[in-house]
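S.K.: Sharing a model prediction with you, sequence too.
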Amino acid sequence: MKYIVTFLLLAIAVQTSQGQDQKKWTLQECLERALEKNIQIKQAELDVEAAQIDKKDAWGALLPNLNGNVSNTWNTGLTQNVTTGILQNQVTRNVSAGATVGINLFDGLRNYRQVQRAKIAKLSAQYSLGKMKDDVGLLVANNFLQIILNKENLKVFKTQNQLTLEQIDRTQELVDGGVLPQGDLLEVKAQNATEQQDIVDAQNQVQISLISLAQVLLIEDYKDFDVAEADYEIAGDEILLNSPSEIIAQAREKRYEIRIAEENKNLAEKDVQLARGASLPTLSAFINYNTRESNAGRFTDARIDPDQPTQQIGVVESTQQIVVAPNTISTLGNPLPFFTQLYLNDGIGYGFQLSVPLFNGFQTRNQINRSKVNVKRATFNLEQAQLDLESNVYQAYVDAQGALKAYEAAQAAAESQELAFEYGQERYDVGLTNAFDLSQSKQRYDNARIDLNRTKYDYIFRLKVLELYFGVPATELKF
């Protein structure tokens, strides 16, 4: 029995220690985690990395290219003797090697413009990454505020239920004293049951919102994930002192949507220049070095044949005189050393190559026209992005003002309902009203407090949207 008690005490101590050490994530920590782990952000970062590789490719195309080759072959059967030039059955080995350097001197400026296009593409990818970070940051902030809202609502339900439990005790005393009927006690108990169900629902909402944020942050331990609670007051409302036109001007200058559309238009215009470059001649230069080696024997020691010192090589047509020359014979010796042959047999070739496009089935012309169409499409997309941004800013501004009015109205309603509930409580305590009327007054007060929480955090979120349009980075939003 003693060991069982000791074990239970240790288990309780461990659980208590774990509960005390459980990490509670702040909003800033959640934002940093999302920017580091979010899959969409990682994909956008890969797009930037790929654009950087494309940029290196474009620069590399401006440099000369160097290619080397070497081969070692064996020939068996009737082949030409590289030394005597005679076809004979033999087994020979030959080595050949070479290197070629080539460079484009002019290709319609396509390589140079490809470098410019790669720079634009990288800039566009960086803007897309920035927009993705803002979108993820806003999503995290919204989910975080939703958790805080759900926790605040849960506190309201628990606080009001505590009042109901106290009301049950008071009502029991009044019923026992004959001041109130038994039905009032049943009414208060029924209200307690309803509030208990509301607490369970509120707890579920808190847990669901925690899981939702944990998924955004790629945290697998949903059970132990929690956020640090804080009394978030209204911050950043000074942005409403700016007019919608001022916010739109800032958004056009700083928002990534416009920058991305502008760079896409620049890309389309650069594609037109690249397509036109394909209709111009291409001039390239090259230089080639090659050498070879063979294991075939070579003729050496040429001397007069003692048995037949001369040989007939022709006849003088006018005199019929026979023309003779010395008849020499050679000895087939060993091949020269490997590196000696490479030195003696090397050679260099160089030159220029001019390619003039004359006709290719209208492909070049069609590509130019297709690129021009893409420029028009990108121009329309830029105009649409500007219109959408203006519309979104106006909508966000109106939403923020509406949220402010709703919050102020909810404040006034909560104060009124609190006074009404306190007055009803006083009347109930002296028997001037029944439990049903008090329950209705309390329910209206509960709803007013919940609506106050909702409008408060909705107003905070609307202000954050405006701050983003005003150019404030997601990690620097005011809370």
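M.R.: Received the coordinates, thanks.

S.K.: Measure how buried Glu220 is and give me the count.
M.R.: Neighbours of Glu220 under the rule other C-beta atoms under 10 Å: 9. For every residue, glycine as well, the C-beta is placed using N, CA and C.

S.K.: Mind telling me what element the closest residue to it other than its chain neighbours is part of?
M.R.: Among residues not flanking Glu220 along the chain, Ala214 sits closest, at 7.8 Å (C-beta to C-beta, 6 or more residues apart in numbering). Ala214 is part of helix 182-216, with elements assigned from DSSP states H and E.

S.K.: cool, Ile258 as well?
M.R.: Here Ile258, judged by DSSP H and E, is contained in helix 256-277.

S.K.: Sheet-wise, list the partners of the next helix or strand after that helix with their directions.
M.R.: On the C-terminal side of helix 256-277, the closest following helix or strand by DSSP H and E is strand 282-294. With DSSP bridges as the test, strand 282-294 is paired with strand 87-106 (antiparallel), strand 347-355 (antiparallel).

S.K.: Just the buried positions in the first one, please.
M.R.: When you say that, I think you mean strand 87-106. With burial defined by 16 or more other C-beta atoms under 10 Å, the residues of strand 87-106 counted as buried are Thr92, Asn94, Val95, Ser96, Ala97, Gly98, Thr100, Asn104.

S.K.: Tell me what angle it forms with helix 256-277.
M.R.: 130 degrees (axes from the mean of the first three to the mean of the last three C-alpha atoms, to 10 degrees).

S.K.: What of the shortest one?
M.R.: Regarding strand 347-355 and helix 256-277, their directions subtend 110 degrees when assessed with the same axes, to 10 degrees.

S.K.: The helix or strand hosting Asn366 versus helix 256-277: what angle between them?
M.R.: Per DSSP H and E: Asn366 is located in helix 363-429. Relative orientation of helix 363-429 and helix 256-277, computed by the same axes, to 10 degrees: 170 degrees.

S.K.: next SSE after helix 363-429?
M.R.: helix 435-469.

S.K.: Give me the helices and strands touching that next one, please.
M.R.: helix 110-176, helix 182-216, helix 244-254, helix 363-429 (3 or more C-beta pairs under 8 Å, 6 or more residues apart in numbering; DSSP states H and E).

S.K.: quick one on the thing from earlier: run the chain-centre distance for the helix holding Asn366.
M.R.: Relative to the chain's own centre, helix 363-429 is displaced by 26 Å; criterion: C-alpha atoms, centre = their mean, to the nearest Å.

S.K.: between the helices and strands packed on helix 435-469, which one is nearest to Gly347?
M.R.: Gly347 lies closest, by C-beta to C-beta, to one member of the helices and strands packed on helix 435-469: helix 110-176, at 30.6 Å.

S.K.: Wait, Ile234 touches Tyr459, no?
M.R.: Yes: between Ile234 and Tyr459 there is a contact under C-beta atoms under 8 Å: 6.7 Å.

S.K.: out of these two, which sits in the more crowded spot?
M.R.: More crowded of Ile234 and Tyr459, by other C-beta under 10 Å: Tyr459, with 23 against 13.

S.K.: which residues sit in contact with the residue nearest to Ala474 when sequence neighbours are not counted?
M.R.: Excluding its sequence neighbours, the residue lying closest to Ala474 (C-beta to C-beta, 6+ apart) is Gly137, at 2.5 Å. With contacts defined as C-beta atoms under 8 Å, 6 or more residues apart in numbering, Gly137 is in contact with Leu31, Ala34, Leu35, Pro473, Ala474, Thr475, Leu477.

S.K.: mind showing which ranges of the stretch 1-150 of the chain have poor pLDDT?
M.R.: With pLDDT under 70 as the threshold, the stretch 1-150 of the chain has low-confidence stretches at 1-22, 80-86.

S.K.: same thing but at 80, please
M.R.: Within the stretch 1-150 of the chain, the ranges that satisfy pLDDT under 80 run 1-22, 75, 77-92.

S.K.: How about the stretch 151-300 of the chain?
M.R.: Ranges of the stretch 151-300 of the chain meeting pLDDT under 80: 167, 170-171, 173-180, 184, 222, 229-237, 294-300.

S.K.: ok, now which residue in this protein is the farthest from the centroid?
M.R.: Distance from the C-alpha centroid of the chain, by C-alpha atoms, centre = their mean, peaks at Thr319 (95.9 Å).

S.K.: Helix, strand or coil: sort out that one for me.
M.R.: Here Thr319 is recorded as coil under DSSP: H, G, I helix; E, B strand; the rest coil.

S.K.: State the pLDDT value of it.
M.R.: Looking at Thr319, its pLDDT is 80.

S.K.: Distance check, it against Ala325.
M.R.: 18 Å (C-beta to C-beta, to the nearest Å).

S.K.: again with Gln386
M.R.: Distance from Gln386 to Ala325, by C-beta to C-beta: 94 Å.

S.K.: now swap in Val156 and tell me
M.R.: In this view, Val156 and Ala325 are 124 Å apart by C-beta to C-beta.

S.K.: Tell me which of the two has more neighbours.
M.R.: A direct count of neighbours by other C-beta under 10 Å for Val156 and Ala325 places Val156 higher, at 21 against 10.

S.K.: how about the closest residue in space to Glu418 that isn't next to it in sequence, what does it touch?
M.R.: Nearest non-adjacent residue to Glu418, counting by C-beta to C-beta, 6+ apart: Tyr445, 5.9 Å away. Residues near Tyr445 by C-beta under 8 Å, 6+ apart: Gln160, Ala414, Gln417, Glu418, Ala420, Phe421.

S.K.: Contact partners for the fifth one?
M.R.: In this structure, Ala420 makes contact with Ser441, Arg444, Tyr445, judged by C-beta under 8 Å, 6+ apart.

S.K.: min pLDDT across these, which one?
M.R.: Ser441 (83).

S.K.: And that residue, how far from Arg427?
M.R.: For Ser441, the distance to Arg427 equals 9 Å [C-beta to C-beta].

S.K.: how about stretch 50-66: buried residues?
M.R.: Ala51, Asp54, Lys55, Ala58, Ala61.

S.K.: Same question for stretch 408-422.
M.R.: Quick answer for stretch 408-422 (16+ other C-beta under 10 Å): Ala410, Ala413, Ala414, Gln417, Phe421.

S.K.: could I get those as TSV with distance to Ser71?
M.R.: Listed next are those as TSV, based on distance: C-beta to C-beta, whole Å:
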residue	distance to Ser71
Ala410	85
Ala413	91
Ala414	90
Gln417	94
Phe421	97
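
S.K.: could those residues go into TSV alongside pLDDT?
M.R.: Converted to TSV, those look like this (pLDDT from 0 to 100):
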residue	pLDDT
Ala410	91
Ala413	91
Ala414	89
Gln417	88
Phe421	85
